[in-house]
Structure formats: C-alpha cells, structure tokens
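Asks: Got a predicted model here, sequence first, then my questions.
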Amino acid sequence: MVANVFGRLRALALSVFLIAAFALPAFAGPFEDAVAKFANDEFSDTEEAIGAVATSGNPLAFPIISALGEDRLSADPDTKKVFITQTDGKIIDAATGAAVDKLPDNAASVRLNNRLRRTVEAALGGLTLLSPDPAKRVAAAQSVFKTHDETMLPVIDGALAKETNKAAKLAFTEARAAILLYKSDATDAEKLEAIATVKARGDQEAMALLTGLGSDQPPAIASAAANATAAIQRTLALWSGVQNAWYGLSLGSVLLLAAIGLAITFGVMGIINMAHGEMVMLGAYTTFVVQEVIRTRYPALFDYSLLIAVPLAFLVAGAIGVVIERSIIRFLYGRPLETLLATWGLSLVLQQAVRTAFGPTNREVGNPSWMSGAFELGQITITYNRLWILCFTLAVFAILLAMLRYTALGLEMRAVTQNRRMAASMGIATSRVDALTFGLGSGIAGIAGVALSQIDNVSPNLGQSYIIDSFMVVVFGGVGNLWGTLVGAFTLGIANKFLEPVAGAVLGKIAILVLIILFIQKRPRGLFALKGRAVEA
Amino acid sequence: MTPHVLTRSLDRASTVFILVVAAIGVLVPLSNLLLPAGSMLQVPTYLVALFGKYACYAILALAIDLIWGYCGILSLGHGAFFALGGYAMGMYLMRQIGSRGVYGNPILPDFMVFLNYPKLPWYWYGFDMFWFAALMVLVVPGLLAFCFGWLAFRSRVTGVYLSIITQAMTYALLLAFFRNDFGFGGNNGLTDFKDILGFNVQADGTRCALFALSCLAVIATFVICRAVVTSKLGKVLIAVRDAESRTRFLGYRVETYKLFVFTLSACMAGVAGALYVPQVGIINPGEFAPGNSIEAVIWVAVGGRGTLVGAALGAVVVNYAKTVFTSGPLAPYWLFMLGALFILVTLLLPKGIIGTFNAWWEPYKAKRLSDAAESAAREDGISEPNVAE
C-alpha cells in the first residue's frame, strides 16, 4: 500500500508530461505503467513492458506474460487498459486483477513477432523459477539448463540460496553448472566443478551441453569434458538398453495377451481359429459399450469401467466362442484346413457385423485415471497403462495356468486333449469339454480386447493386426505349451524392440518374420515341443 | 509335349472346358472389335477388361488347385507369387513410359524422381526389355517358391503350419513393398502405364489381344496341370496328399515332388499376375494382403478342390458375384456374403460345385457306361474296363 501511495504521487508528477494523463488508471505505478505499454501496439514498447513486468515481482506478472504468449492478452488503445482473457473465459484487468464483464469493443489482442516470442519464453522461464510450485521451479530450471542463458545466473543464484526442495535444488545446481560451463569469465575450477555436476546428471541434455562446448577450451577442461562425455555415453547406452527391454516387455505382454487365448484353442485343442482376432475386437467393443453406458448413466463409475468390462468381455466373447464351436467348428474336427477357411469367413462376417453396428471409424475408449499418466524410473518413462497391462497379462496367465492345473474343468480339458477316447471312456463328456475349452480361449481373447482397447485404436480391424503375430507367437513358442507361449511372446517382443532402432520399425518386423520362418526350419515344433504320443496325433 | 500325353491327360470334360475357353477367347474380342458400339451383341471394352481379370484369377485358381487339390499343400501366400509376377510386368510397363512421365525423366520412373533416387536401382536393370521382364515373371515367383519350399518341405513343415508360414511370408512382403525406399513405388505401387510392346494399353485392340492371351494362358495352364496330374508324377502327388508318411516309406522323395509342384504353381501364379497388371492398369502392395490369398483359396473350394475345371469356374463365379455385389446397393453386405460363402462351402459343399456335381453324375454315368459295355460285350464278346471309381 505504501508503495502504491508513493507510486500514485509519481504518477501524478508524470502525468504533467503526458497528454493522455487522464486515461491512466487511478492506481498507476511502475507496474501499471509497464502494463499500459502493451496497449501502444509497438514491438519495442511491448519488449520493454515484458522486461518491466517480469522483474516487477507482482503476482499478476506471470498471468500477464503467459497470456501474452498464448494470445490471450488484449489492449484498448484509447483507454490504455490491458485485459487478460483467462483460460476459463473470464476477463480480468491486467493492471489490477479486477474482474471485467466484457472486453471493450475496440480492444485488440497484443501482437508478437518471433523475437518477442523468445523474450516471452525467457521471461516466463525467469518467472517460473520463483514459482511457489516446486514442480514448476524444476521445469523452469530445466529450461535454463538447456538454454544456459547467462543473464539467468543471478536469478538462479538467488533461487538456489533459499531453495529447500531437494529436487528443485538439484535442478538449480545443474542449471547453474550449465551457465557456468558456457560463461566466458568463469574460472577453470568453477568449470571443472560444473562438468562434474553435468556428468552426474548423465542424460541426453547433459551430453548435448558437453558436446556443444566447442574446441577452444583449455586442455584440462577439454579432457574433463571428453571424459564426462564418454561416461555419459556409457550411461546412455545402458539406459537405452533398459528402455528397449522395457518396450520389449510391454510389446511382449501385448503379444502374450493376444496369443494366450490362441494357445488354448490352437495350442491345446489344435483348432485353427482365424476369427481369434475378432474375439479380441469384440472384447474391445464390449469395453466401449460399457464406457458409453457409464458415461451417460453413471459418470461416477468411470474409473471402474475396466473392472466391469473384464468379466463382461469374457462372457460375451466366451459365449460367442461356444456358439461358434457348437455351430461350425465341431463339424470340422480333423479337417484343419477347412477349419481355417471357415473361421476366416467367420472373421469377415464378425468384422462386417461390427462395422455395420458401430461404424467403420475408430471408437474412443478412455483411460481411467489410474491408468493414465507416467512416472520416471531413472532415465526412462514408464506409462501406467503399459505397466498395468503387463501386470494384467501375467495375472491372466497365472490364473489360466492355475485353472488348467487345479480345477475339475482343467483336468477334463487336459484329459480330452491328451487322449480323447480314453477320456470319453472315463465318463467325460468330451463334446461339452470341447465347447467349454473353445469358449475359454475365446473369452480370454475378449479379456485381451479390454486391455488392448487402452493402447490401440478400437476399430473393426483391431483383431486382424494381431492374428498373424499371435500365430507366430504360438508356433514359435511351441504348440500345446502355455509356458512356450509366455517365453515366445516375450522373446519376440524384446527381439522386435531391440531390432527396431537398428533396422527401423517395418524392417524389424520383417526381420522377425523371416527369423521365425528360419527358426521353424530348425525346430519345426517350436521352442518347447511336446514330446510323446500327443505329437503324432 | 507328345500327342500321347495330350490324349491321356484330356478327357471329355477337359476338352469341353478348353473349347469353351477358346470360344470365349475368340468371340469376345471379335464382338468387341467388329460389331458397332452400342449393338446388342457387342461386348463393351470395360467388360473385356473385366473378363480378362477373371481369366487371370482363373489361372491363379488353377495354380492353387494344383497344389491344394492334388498335393494337399494349402498355400495362403499365393497372392504373393501373383503380385510378384505383376510387379515384374509392372516394372517393364514403367520403363516403357520413358520420358512421357510427369517429370519427363527418360530413365527413372516418376516415383523415383519424386523420391530423389539418384539413379536406377540395380534390380530395375533389364526391365526395359520385354523378354527379360517375361523371364522374371517366371523366375522371381519360382525362385521364391523354390527357396521357401526347399526350407519348408525339407524340415517337414506341413499342413496348417505351412499355411500360416506362407501367410506370414506374404505379410512380410506386404510390409516390405509398402516401404518407399524398397524401390517399387511404396504404397502407390506402379501405375499410369502407357505402352506394352509398342501398343497403347488403353486401346480396345490391345485390351482384346490381352484378353485373348489370358484365355490362351488359362488353356495352357489347364493343359499343363492336367498333364501333371494325370502323369505318374501326379499319382505320387495324390499319394502325398492322402498319406504323406506312407508315400515316404514307400521310397518316394516326398519333398522333391512337393517342391516341384509348388514351384510350378508359383510360376503359374506369376504369369497370372503378369497378365493381370496391364489389364487392370495398376499393381500396388495391396495385392500382397493375406486376405487376397485366402480369397483365392475359397474360389477353388467353391468350384471344387482337385477338379481343375472347378477351380477356374469357382474363380469366375465368385468374382462375378463380387463385381455384382460390390457395385450395387448391396455393397455393405458383400463381406457377409463372402464370409458366409467360406463357412457354407466348407460345411455344406466340401467338394465344391464340380465335385458335388460329379458325385451326383458319376453313378449315372457309370451305369450308362456299363450298360453300353454290356451291350457291346453282347455284340462282339469283349468286355471293357470299368471306368467308375
């Protein structure tokens, strides 16, 4: 308030020299003066205004500059009043923060050119360094680290002195090191210390900073920088390996999820189900329908939509699977090539049915809040949806194994697949077991669809993109062996992701297909071949 | 080919089939060229091109029937051999454009200029000569089939495994040909053809000639297939189809027989693709889609597996239905129809149209023959061998 009173006096003195003095706001001060300059519509004035506002320390400074950067700042050239249109549509007076009903008719947005845009960004960086939110401070320090702008050094030093947050403190120290490294009048000792700090950071940015240093450095610094670069390179190589492994695990889990149902129908029962991908697709559409119902009727349940969709997708796909087995496949047992053709036809029908019912375009399936976002682990980013899918896949796999091992149905399934006639003699209703086994495989495909709807486009073609991969996984892993499918899926996933950076995405995929074809030459029955009589059946 | 082979391999049904195809191959072009446009009996040019397409599909179906119907090899990758033959022909046609392309480069096809190729890739050399392209139409699919089959049959990959692997093969080629830097025009493929052997590909006369050639190719493929399946080699093939292990134990090198017939079939598919491209005017990676290959298998299944005539007939019937359905108001239902066709044929008509017809006709024919034999025997005392199976 004292400052305001003082400012008012100064403004009064100034106003003598100003023709348009009457137009100035009543509470004019250096901040208000600076804000008013935005209304002059001159780039030089705007630049001065940015500098003055950014250094004013006024709480409105950040909203003004960010509004300027996003084209939300408008000014009335007559009254010299400046307004911020907030992101929620409300309008406030930039100088006072008071709410305004609507923009004056002749208000125009404040224009920027490219040079000014950079000024705005730099000013925002400086402003956010002092933001009360630690995350914003860290982000601002990171941007200073990249630009290593010398003029930021005093701000960084000031911020560092009173910083208490650990992450922000580290970020500030790194930013300071980056500035010192490029500061021409910094001492060698300071620079060496800076190199150590940057080396400890050890990521791509640090690498870029060190390699950009130039060749005209004193030998001690140049060799320290070279050492640090080499060390960072090793760290980076290690992390990129870890990252590829993670991507590979993630892809492997998707492959496993898609192939696991097939491992039952194809691997255990020996049925070539080309409509398997469509079961996955039906699961994804079940998720879509569940989410639509929840959105319109019970919005509060949205986070539980997937939990509701999983059993439903299992039931829908499983029931359709049983119907398919009873109406088509059971007539084709022992004629695998015919089964292949009939189920391919079925896949066409199912795709077209879904296309007719839901339209040919992608339908939107949302991520529940617990599946969106990501976290950093070292230098890799792990998204929650991929992590959840990996866990979910392993859980489904474990449940399936347990089911085959410990339940009565599992026992009957194993009995029927190992020796159908003997099982029938022991009183097992083999045709019922066939239908249920096929339903189980299809139901698991449906569950896979729920998970895949989170990372892939939900369209009628969803299943087709997985069918060849799934068959490859099952054939590679070895037919009739769930563990083979697990190992096969993760091997293919990881191999694919390690080949991708070398050969590119498409060539990597082709290379994998060729490798599988060659692998089958060596081991025609897959990694984990069944031994014994079942093989010959 | 000696007359003896011809008389042995061509029974009456085969002769009728050849005569019908030959008649169509002569009459359709004549009607298109000689009768005035708009006349009742004149076949419009677009229909000539359409029929030409069917003829190419019939060759592909014959090739599939040869291996599936007579050797039990279900290839889900024959579309790849078809497309490779098509690409070989397309490359020749591209080189014939010369400086008439959009960019006017006398050597490089338009897409290469567009994609900044400094010079012609080595694998495009020679395709400006027709004989070389024609040779490649046979060699490229044949060589791929030979290598693939050698690897697969030697390690006894059979049945469904082979089907899935052939599908993976065509899928891998699909992905490869979609790439711009693969040197075959990326997803646009090869198109905008001008001349074939100096004749305008759009001209009515060229289209009629291509149609007649396609019919001739159908006949040639059919005769070769018949010659193969009625020979001793063909009997071994059928034995492989019905009991592969037993045939092996009897001392036959099963892999060699399979490899021969698989390679032959791939060459036929390549010829079909090569005739297809100038008549359709484009070849793109879509031809490698696994769906195309499976669709070709269903033509054979509809017509009748292991009958050859049925395969050709099935290709024409299914594709005619496809043309009718996809061009009319029923277009959204075509996939339902096609899918239902797959299911119903495998469930209800496992022998296909011709097979079912034969099953119905054979007892009648056998009875008639035995009646004739009896009366002949009564007349001059010699008994004829029973032809019925």
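Replies: Everything's here; your move.

Asks: Settle this for me: residue B:13 is touching residue B:309, isn't it.
Replies: Yes. With contact defined as Cβ atoms under 8 Å, residue B:13 reaches residue B:309; the gap is 6.2 Å. Every C-beta, even on glycine, is put in place using the N, C-alpha and C of the backbone.

Asks: For the two, indicate the residue with more neighbours.
Replies: Each of residue B:13 and residue B:309 has its neighbours counted (other Cβ atoms under 10 Å in any protein chain shown); residue B:309 has more, 23 against 13.

Asks: Run through the strands of the stretch 251-389 of chain B in chain order.
Replies: Applying DSSP state E, counting those that start in this stretch to the stretch 251-389 of chain B gives strands spanning B:282-283.

Asks: Near the closest residue to chain A within it, how many residues? Count them for me, please.
Replies: With Cβ to the nearest Cβ as the measure, residue B:342 is the residue of the stretch 251-389 of chain B nearest to chain A, at 2.2 Å. As a burial measure, residue B:342 scores 28 neighbours (other Cβ under 10 Å).

Asks: can you pull the contacts of the nearest residue to it once chain neighbours are set aside?
Replies: Leaving out its chain neighbours, the residue that sits closest to residue B:342 by Cβ to Cβ, 6 or more residues apart in numbering or on different chains is residue A:345, at 2.2 Å. Shown in contact with residue A:345 (Cβ atoms under 8 Å, 6 or more residues apart in numbering or on different chains): B:298, B:338, B:339, B:340, B:341, B:342, B:343, B:346.

Asks: what's the spacing between residue A:345 and residue B:228?
Replies: 30 Å (Cβ to Cβ, to the nearest Å).

Asks: Poorly predicted segments of chain A, please.
Replies: Judged against pLDDT under 70, the low-scoring parts of chain A cover residues A:1-29, A:55-57, A:215, A:529-537.

Asks: Show me the longest helix that occurs in it.
Replies: Identified as the longest helix of chain A according to DSSP state H is helix A:219-262.

Asks: After it, which helix or strand is next?
Replies: Heading C-terminal from helix A:219-262, the first helix or strand you meet, by DSSP states H and E, is helix A:276-296.

Asks: Show me what that next one is packed up against.
Replies: helix A:219-262, helix A:305-327, helix A:336-358, helix A:430-452, helix A:464-477 (3 or more Cβ pairs under 8 Å, 6 or more residues apart in numbering or on different chains; DSSP states H and E).

Asks: quick one, strands of the stretch 101-250 of chain A?
Replies: A:108-109.

Asks: sorry, back to before: what subset of the contacts of residue A:345 is buried?
Replies: B:298, B:338, B:339, B:341, B:342, B:343, B:346 (16 or more other Cβ atoms under 10 Å in any protein chain shown).

Asks: Now do the SS call for the closest residue to residue B:109 other than its chain neighbours.
Replies: For residue B:109, ignoring the flanking residues on the chain, the nearest one in space by Cβ to Cβ, 6+ apart is residue B:94 at 4.4 Å. At residue B:94 the chain is in helix, as set by DSSP: H, G, I helix; E, B strand; the rest coil.

Asks: ok, residue B:94 touching residue B:193?
Replies: Yes. With contact defined as Cβ under 8 Å, residue B:94 counts as touching residue B:193 (7.3 Å).

Asks: Where does the stretch 351-500 of chain A get nearest to chain B, which residue?
Replies: For the stretch 351-500 of chain A, Cβ to the nearest Cβ, closest residue to chain B: residue A:352, 3.9 Å.

Asks: what's the distance between the longest helix of chain A and the middle of its chain?
Replies: Counting by Cα atoms, centre = their mean, to the nearest Å, helix A:219-262 is centred 17 Å from the centre of its parent chain.

Asks: tell me the angle it makes with helix A:276-296.
Replies: 100 degrees (axes from the mean of the first three to the mean of the last three Cα atoms, to 10 degrees).

Asks: Can you pull the residues of the stretch 351-500 of chain A lying near chain B?
Replies: Residues of the stretch 351-500 of chain A lying close to chain B by Cβ under 8 Å from any Cβ of the partner chain are A:351, A:352, A:353, A:355, A:356, A:468, A:471, A:472, A:475.

Asks: residues touching the fourth one, list them.
Replies: The neighbours of residue A:355, taking Cβ under 8 Å, 6+ apart as the test, are A:460, B:335.

Asks: how about 7 Å then?
Replies: residue A:460 (Cβ atoms under 7 Å, 6 or more residues apart in numbering or on different chains).

Asks: next one: the last one
Replies: The contact partners of residue A:475, by Cβ under 7 Å, 6+ apart, come to A:520, A:526, B:161, B:164.

Asks: on that earlier part again, among the contacts of residue A:345, which are in helices?
Replies: B:298, B:338, B:339, B:340, B:341, B:342, B:343, B:346.

Asks: Determine which two of the residues you listed are furthest apart.
Replies: B:338 and B:346 (13.1 Å; Cβ to Cβ).

Asks: Got phi/psi on residue 106?
Replies: If you meant another chain, say so; for now it's chain A. Backbone torsions of residue A:106, given as degrees, to the nearest 10, read phi -90, psi 10.

Asks: Chain B is the one I meant
Replies: According to degrees, to the nearest 10, residue B:106 has phi -70, psi -30.

Asks: Next: the one 5 residues further on.
Replies: When quoted as degrees, to the nearest 10, the phi and psi of residue B:111 stand at phi -60, psi -30.

Asks: near chain A, which residues of chain B?
Replies: B:74, B:151, B:155-157, B:159-161, B:163-165, B:167-169, B:171-172, B:175-176, B:179, B:294, B:297-298, B:301, B:332, B:335-336, B:338-343, B:346-347, B:350 (Cβ under 7 Å from any Cβ of the partner chain).

Asks: Tell me the buried residues within the residues you listed.
Replies: Among the residues of chain B next to chain A, those scoring as buried are B:74, B:157, B:160-161, B:163-165, B:167-169, B:171-172, B:175-176, B:179, B:294, B:297-298, B:301, B:335-336, B:338-339, B:341-343, B:346, B:350 (criterion: 16+ other Cβ under 10 Å).
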